[in-house]
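Peer 1: sequence-free structure coming up:
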């Protein structure tokens with residue numbers, strides 16, 4: 001009897017990049033732009049998702065992103081991605097970003113996050129089932145449990161974000177940029193890379209907070225980036241960043257990416273992605289500095305400031321475990 005050859009499923013992928021001067025967002029910055037780091041994460045997680053599913057995959061959610069330190073230009077960047085949990089058509093992928101001076105070769109952690117991809121049929125665009133991932137080792141079971149524990153937190157955050165409105169009277173600092181999606185922005189499925197869109201998000205939020213603060217700012221945390229619909233070549237893109245709340249040192253920003261045909265105008269573009277990102281100001285030495293304070297006065301601004309505080313309370317309430325332990329990190 002002849003047996004057909006079956007491809008070996010691989011639950012992990014590692015990609016490497018060289019941090020170049022073009023990966024820095026502003027002159028004099030202390031490290032690689034956070035948006036570029038997210039782009040690298042998306043590529044590694046995409047390779048992991050397609051390798052496991054054997055299908056075209058799309059980014060559905062990115063959450064719990066901690067930028068713990070800057071990545072210097074000239075460092076080798078390593079993104080380690082692995083399947084932690086699967087649903088019917090979804091794959092929860094834990095990602096860890098490390099970097100090293102190539103002269104030393106000692107890799108240390110710079111960022112980690114959880115990315116969810118969904119496998120799609122290339123012809124219909126509908127979700128398709130993926131093979132169930134079963135953890136076998138202690139480290140794999142840890143990653144599996146942490147990914148599962150985040151489901152409730154993610155659902156609570158998504159519900160809280162979906163209940164907000166952003167079209168009422170407002171005095172909040174705000175920045176809106178518009179441009180067309182170009183062929184350089186898309187993946188082989190014809191849609192804009194999730195990583196490219198996340199780079200737009202971080203760049204817009206950085207510009208908004210720098211304008212408000214009057215000093216250089218950097219992204220330090222993103223609690224959730226939700227992808228609702230694909231973005232296509234030629235779509236009119238609107239990236240809308242709005243300051244929701246300031247604390248002693250941090251600035252919380254809501255960022256919407258809207259996209260649609262430029263023929264229908266810019267007034268009713270549907271939301272493609274929504275994110276909540278935290279920024280801090282830094283001085284010329286790279287140290288954090290007190291944030292310029294924003295006092296909300298309109299009804300919507302006050303509600304969104306409370307909403308931002310609620311997101312923080314939800315994370316404290318669920319108190320999710322770290323995405324990786326030291327041993328699990330070594331296994332990635």
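Peer 2: Thanks, I have it. If you're wondering where the values come from, they're calculated on a predicted model, not measured in any experiment.
Peer 1: residue 208 sits in which helix or strand?
Peer 2: Secondary structure assignment for residue 208, by DSSP states H and E: helix 194-213.
Peer 1: what segments of the stretch 51-200 of the chain are strands?
Peer 2: 56-67, 76-86, 90-100, 108-120, 174-180 (DSSP state E, counting those that start in this stretch).
Peer 1: return the set of buried residues in the last one.
Peer 2: When you say that, I think you mean strand 174-180. Residues 174, 175 are the ones in strand 174-180 that count as buried (16 or more other CB atoms under 10 Å). (Each C-beta comes from the backbone N, C-alpha and C, glycine too.)
Peer 1: ok, and what's touching that strand?
Peer 2: 204, 207-208, 211, 234-243, 262, 266 (CB atoms under 8 Å, 6 or more residues apart in numbering).
Peer 1: and the next helix or strand after the helix holding residue 208, which residues are buried?
Peer 2: Counting by DSSP H and E, the element after helix 194-213 in chain order, helix or strand, is strand 217-227. Using 16+ other CB under 10 Å as the test for burial, strand 217-227 gives 217, 218, 219, 220, 221, 222, 223, 224, 225, 226, 227.
Peer 1: any idea which of those residues is least confident?
Peer 2: In terms of pLDDT, the weakest of these is residue 223, which scores 77.
Peer 1: for that residue, what are its contacts?
Peer 2: Residue 223 touches 63, 64, 65, 157, 276, 278, 311, 315, counting by CB under 8 Å, 6+ apart.
Peer 1: any chance of JSON lines for these, columns neighbour count?
Peer 2: Formatted as JSON lines, these follow (neighbours: other CB atoms under 10 Å):
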{"residue": "63", "neighbour count": "21"}
{"residue": "64", "neighbour count": "21"}
{"residue": "65", "neighbour count": "28"}
{"residue": "157", "neighbour count": "23"}
{"residue": "276", "neighbour count": "22"}
{"residue": "278", "neighbour count": "23"}
{"residue": "311", "neighbour count": "21"}
{"residue": "315", "neighbour count": "17"}
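Peer 1: ok, so of those residues, who is nearest residue 39?
Peer 2: Residue 39 has its nearest neighbour among these in residue 65, at 12.5 Å by CB to CB.
Peer 1: for that closest one, which residues make a bridge with it?
Peer 2: residue 222 (DSSP bridges).
Peer 1: was I right about it contacting residue 115?
Peer 2: No - using CB atoms under 8 Å, residue 65 is not in contact with residue 115; the gap is 9.3 Å.
Peer 1: picking up where we left off before, which of the contacts of strand 174-180 count as buried?
Peer 2: Counted by 16+ other CB under 10 Å, the contacts of strand 174-180 give 204, 207, 208, 235, 236, 237, 238, 239, 240, 241, 242, 243 as buried.
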